[in-house]
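Visitor: Please find the sequence and the predicted model below.
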Amino acid sequence: MRAVSHPPVSPEQRSSTPKLTLSLTGLVEAAGALVCLFTLTGLFGRWSWVLEISSHFRAQYAVLLVGFGLLAVWQRHRLKAAVFLAFGSLNFWLLVPFLFSSPGLMTTSSTPSVRLLVWNVNSANRNFAEFSRLLTEHDPDIVALIEVSPEWKRFLHDTMTTFPHQRVEARNDNFGIAMFSRIPIESMHVRYLGTASLPSISAELVSGDRTISLLATHPLPPAGGSEASYRDEQLQAVAKWAREQSGEIAVTGDLNITPWSPMFAEFLESADLHNSAEGYGVGGTWPAFFPPMLIPIDHFLHTGEVVVTRREVGKAKGSDHLPLLVEFGLK
């Protein structure tokens, strides 16, 4: 049998595949090194608002670095695999409180359960029907809305007629706020906490024969050094308000900060609050338009006698935030 001859291979053809392989490998190495760097810089967020931004994406870092590490294992690059998997483990360790239940979550509430819906509706959003759907689906006792515009105020005036306790502070910017309650309220006030002069709403909820001081708030997003300072100042003003209250406390809203920011930890300690997300998953709420990058910036925080029996991130269209649903009571 005559041997089959093949056309000669030019040097350019011989080197094309190795070059492609090297290019993809180099891209993965560069991406992995960058994620490792962001993993570290996020730990020093109190030094700069730029560094703090890198603290917010721990779940994404963990997934990426584990993937890069497994790829390096497959390529038999032991050192790179060890580095990527070590940094991935660091990020995973920061996620552990949210992924696994804590003993406190097993405690049952002795008071009637309160169902709370919190949603940053986005002041530019006009999908009012989606909010009506959420009300019908979840039947909340209390509703806290962020970014309430004059258009939203007009809609809510006709929609929230079954909520006897209401306070709406609409604005033409992104910092209008509103609270509605079906359950008894002793008082409801608009408060301006911090020098940015942005409105928050406080309410004294009656739960059984006890009360809970609830605050809905929305600090500035940390889009620059001054905005980050205003946000941190408002959070500390919220902590001061919490320390001045008697009884149990809950704080909710779009806080424009994630649990992995050093400033968030300082805020929780100063206010003596617990993060209700622990044991319920990471629960990313923003940006709703790009799910792979979702991070948890909408919160429900509470003091020790408040028991969270249900917590989930809902689905909704129109806003860049997803709604947060929480059921809670008192021990």
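Guide: Good, I have the coordinates.

Visitor: Report how many residues lie close to residue 136.
Guide: Residue 136: 8 surrounding residues under other C-beta atoms under 10 Å. Heads up, the C-betas are built off the backbone N, CA and C, glycines and all.

Visitor: can I assume it sits in a helix?
Guide: Yes: assessed by DSSP: H, G, I helix; E, B strand; the rest coil, residue 136 belongs to a helix.

Visitor: how much space between it and residue 53?
Guide: 37 Å (C-beta to C-beta, to the nearest Å).

Visitor: And for residue 131?
Guide: Counting by C-beta to C-beta, the gap from residue 131 to residue 53 is 30 Å.

Visitor: quick one: pLDDT of the residue most central in space within the chain?
Guide: For the chain, the residue nearest the mean C-alpha position is residue 296 (1.4 Å; C-alpha atoms, centre = their mean). pLDDT recorded at residue 296 is 98.

Visitor: Could you report the separation of it from residue 214?
Guide: 19 Å.

Visitor: Same question for residue 118.
Guide: 11 Å.

Visitor: Find residues that contact each of the two.
Guide: residue 252 (C-beta atoms under 8 Å, 6 or more residues apart in numbering).

Visitor: so what pLDDT did residue 11 get?
Guide: 52.

Visitor: My read is that the residue nearest to the centre of the chain contacts residue 277, right?
Guide: Yes: here residue 296 reaches residue 277: they are 6.2 Å apart, a contact under C-beta atoms under 8 Å.

Visitor: Give me the common contacts of those two.
Guide: By C-beta under 8 Å, 6+ apart, the residues touching both residue 296 and residue 277 are 259, 283.

Visitor: Wait, a helix at residue 221?
Guide: No: per three-state DSSP, residue 221 lies outside any helix segment and is coil.

Visitor: list the contacts for it?
Guide: 227, 231, 256.

Visitor: which of these tops the neighbour count?
Guide: That'd be residue 231 among the contacts of residue 221, by other C-beta under 10 Å, with 24 neighbours.

Visitor: and the nearest residue to it once chain neighbours are set aside, backbone torsions?
Guide: Closest residue to residue 231 apart from its sequence neighbours, by C-beta to C-beta, 6 or more residues apart in numbering: residue 219 at 4.1 Å. Per-residue torsions, residue 219: phi -70, psi 170 (degrees, to the nearest 10).
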